[in-house]
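# give me a model of this one.
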Amino acid sequence: MQRGNSSIGEPSQLFGAGGEGFTTRPVIAGRKGVVTAGHYLAAAAGMEILRGGGNAIDAGVAMGFCLAVLEPQSNGIGGESPMLIHHARSGRVVAVNGQGVAPRAATLEWFQAQGVSLIPGDGLLAATVPSQVSNWITALAEFGTLPLAAVLAPALELARDGFPMYHGLRRCIASNQARYQDEWPGSAATYLPEGRVPEWGDRLRNPAWADTFEKLAQAEQEAAGRGRAAGLDAAHNAFYRGPAAEQIVAFCRDERFRDATGREHGGLLAYEDLATFHAHVEAPVTVDYRGLDVYKCGPWSQGPVFLQQLRLLEGYDVAALGHNTANYVHTVVECAKLAFADREFYYGDPAFTDVPLDRLLAKGYAHERRGLVDAGRASLALRPGDVAPRPLKLILGDERSYNNDTTHLDAIDAEGNMIAATPSGGWIPSSPVIPGLGFPLGTRAQMFSLDPTHPNALQPGKRPRTTLTPSLVMRSGGPWMVFGTPGGDQQDQWTLQFFLNVVDFGMSVQEALDAPTFHTQHFPSSFYPRAQHPGQVVVEGRIPESVRAELRQRGHEIVVAGDWANGRVLAIRMDPERGLIFGGASPRLETGYAIGW
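Reported below is the predicted structural model:
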């Protein structure tokens with residue numbers, strides 16, 4: 001399927017027109033709105049909000065709260081939720097800085113004194129300030145229309161009344177059963193009802209979660225007489241300055257749990273860390289590609305690495321390489337290696353470090369870097385560019401790889417409001433559920449470097465460089481597409497392939513989601529223990545053996561995954577000429593869905 005543009009730099013006239021061949025799911029088409037979410041019940045809640053008069057941001061926030069209940073193995077309210085928003089009435093495209101910060105007590109000196117060289121990926125030691133509540137409320141206050149109580153209602157119902165157990169969540173609970181029973185009593189009380197792993201289809205409830213968030217709705221209602229903004233502020237304070245914050249701090253102070261260091265630790269969060277935290281709206285980062293304006297969150301995320309890959313690939317006739325041919329896979333992988341090397345050496349929270357984005361995203365720099373791509377041979381070196389001072393070495397661990405996950409949501413309404421958010425962190429495999437609150441804290445501080453010369457070095461109040469990376473695209477100044485996926489370091493590889501499938505190969509949204517994918521693990525993982533696999537490329541089994549063989553001849557180490565193993569990209573795009581909105585959901589990972597109206 002090679003229907004895309006034939007001349008470099010000119011926009012495709014098809015842009016995802018697609019064909020009439022088989023797809024695993026239909027392309028969802030709507031006139032009034034389309035939503036996608038990592039769980040179909042969350043998508044249903046988003047559509048309920050749209051049909052009830054809310055806009056896409058209201059729907060996105062509702063889905064976000066639902067996903068914290070429905071996919072606790074992939075995200076939680078104690079984690080984070082970076083997002084990108086297009087607000088139709090103002091014409092603004094913004095990012096919500098949806099990542100919590102390091103506690104004031106989390107210093108390089110503290111970890112050095114404790115003999116910790118890599119921040120562990122489990123327990124309480126890696127907890128940053130939980131940002132999801134602030135993120136969702138900030139998005140709602142700035143760009144939504146409904147009160148918090150209205151968008152919280154579906155999640156409260158799911159937590160109070162329960163939802164059917166599904167295979168992915170059951171597998172997670174089963175694999176952590178012993179730890180829950182032996183070490184994490186709060187987790188056992190919530191996820192091992194009657195002392196056993198729930199069966200597929202069993203109803204799972206979390207009444208403590210519902211109790212926690214009903215208090216936010218009550219605080220909003222009590223302040224409603226002073227206006228919508230005052231009500232939302234009251235709800236925010238109820239979480240970050242009220243009993244929830246006090247319980248979080250007491251849990252970190254009084255409890256100690258064994259983590260990957262082999263020792264027991266408590267958490268470093270203090271009341272002041274939560275009481276002074278508030279998400280804020282900021283400018284995203286953007287480049288143009290084939291006539292499209294592509295937006296990502298800043299270098300506190302890995303988002304700009306997507307844009308660096310586009311800058312490199314715009315110098316090729318991507319369609320002429322042939323979809324998923326050896327030439328195509330090799331070119332995309334080699335460009336990814338260059339972009340991710342820069343991510344590893346230069347990205348960090350721009351409030352604390354000077355990230356040379358102007359240089360990293362410049363066309364001239366991409367042209368220089370493109371010259372390093374050998375069409376016939378895979379590079380086995382980690383080759384960052386020479387754009388700024390950088391650390392002399394990286395602190396890496398053993399050969400284990402990332403094994404947690406994330407989720408995603410999108411929404412577009414008829415007015416052209418768009419939201420893409422990638423909630424993550426606060427996973428139930430990584431940290432114990434706090435009794436009485438119904439959720440665990442996150443472990444995102446594991447992504448900090450403990451090398452003081454690294455741009456992502458730990459500092460109090462700093463955001464760790466997250467892998468979470470929603471995407472938003474504008475066309476001719478108007479809204480066009482939102483998309484994203486779970487998958488850690490792979491997110492900006494799988495979504496890149498989806499994007500190229502639509503833009504350069506002319507696939508429909510669902511065709512682009514169904515197509516087999518690949519990714520490289522050449523660069524250090526962002527997750528504990530920071531493993532690196534030079535030259536390794538993981539391909540889905542549907543990529544032909546002839547292609548794999550040719551890639552091996554060029555020096556790639558090929559690892560074959562399952563036929564449908566990589567990610568769960570969700571996407572929605574607008575067709576303003578016809579007044580239609582198209583959505584799709586990858587069939588991977590069981591529960592993602594798109595719904596249109």
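
# what about the helices in the stretch 351-500 of the chain?
Under the criterion DSSP state H, counting those that start in this stretch, the stretch 351-500 of the chain carries helices at the ranges 357-360, 363-370, 491-503.

# out of those helices, which is closest to Leu321?
helix 491-503 (9.9 Å; Cβ to Cβ). Placement of C-beta: from N, CA and C, glycine included.

# what helices and strands are in contact with that closest one?
helix 304-313, helix 326-346, strand 471-475, strand 478-484, helix 509-514, strand 518-520 (3 or more Cβ pairs under 8 Å, 6 or more residues apart in numbering; DSSP states H and E).

# what would those look like in TSV with distance to Glu282?
As requested, the helices and strands packed on helix 491-503 are exported to TSV (distance: least, Cβ to Cβ, whole Å):
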stretch	distance to Glu282
helix 304-313	14
helix 326-346	19
strand 471-475	14
strand 478-484	18
helix 509-514	28
strand 518-520	28
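
# can you redo those as TSV with mean neighbour count?
Converted to TSV, the helices and strands packed on helix 491-503 look like this (neighbours: other Cβ atoms under 10 Å):
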stretch	mean neighbour count
helix 304-313	25
helix 326-346	24
strand 471-475	24
strand 478-484	26
helix 509-514	27
strand 518-520	26
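
# next, work out how far apart Ser471 and Asp259 are.
33 Å (Cβ to Cβ, to the nearest Å).

# let me fix that, I meant to ask about Pro440.
Remark: distance between Pro440 and Asp259 (Cβ to Cβ) = 13 Å.

# can you get me a residue count around the residue lying closest to Glu368 once chain neighbours are set aside?
Nearest non-adjacent residue to Glu368, counting by Cβ to Cβ, 6 or more residues apart in numbering: Gly385, 7.6 Å away. Neighbours of Gly385 under the rule other Cβ atoms under 10 Å: 21.

# ditto for Ala188
20.

# my guess is it meets Ala178, correct?
No. Ala188 is beyond contact range of Ala178, at 10.1 Å (criterion: Cβ atoms under 8 Å).

# and the residue sitting furthest away from the middle of the chain, what pLDDT?
Distance from the centre of the chain peaks at Gly225, with 36.4 Å (Cα atoms, centre = their mean). Listed pLDDT for Gly225 reads 91.

# same check on Gly16?
67.

# of Pro440 and Asp259, which one has the most company?
More crowded of Pro440 and Asp259, by other Cβ under 10 Å: Pro440, with 30 against 23.

# what sits against the nearest residue to that one once chain neighbours are set aside?
Excluding the flanking residues, the one nearest Pro440 by Cβ to Cβ, 6+ apart is Ser431, at 3.9 Å. By Cβ atoms under 8 Å, 6 or more residues apart in numbering, Ser431 lies in contact with 78, 122-124, 127, 440-443.

# now with 7 Å?
Taking Cβ atoms under 7 Å, 6 or more residues apart in numbering, we find Ser431 in contact with 122-124, 440-443.

# helices or strands next to the helix or strand where Ala549 lies in the packing?
In this assignment (DSSP states H and E), Ala549 forms part of helix 545-553. Under the contact definition 3 or more Cβ pairs under 7 Å, 6 or more residues apart in numbering; DSSP states H and E, helix 545-553 sits against helix 326-346, strand 557-561.
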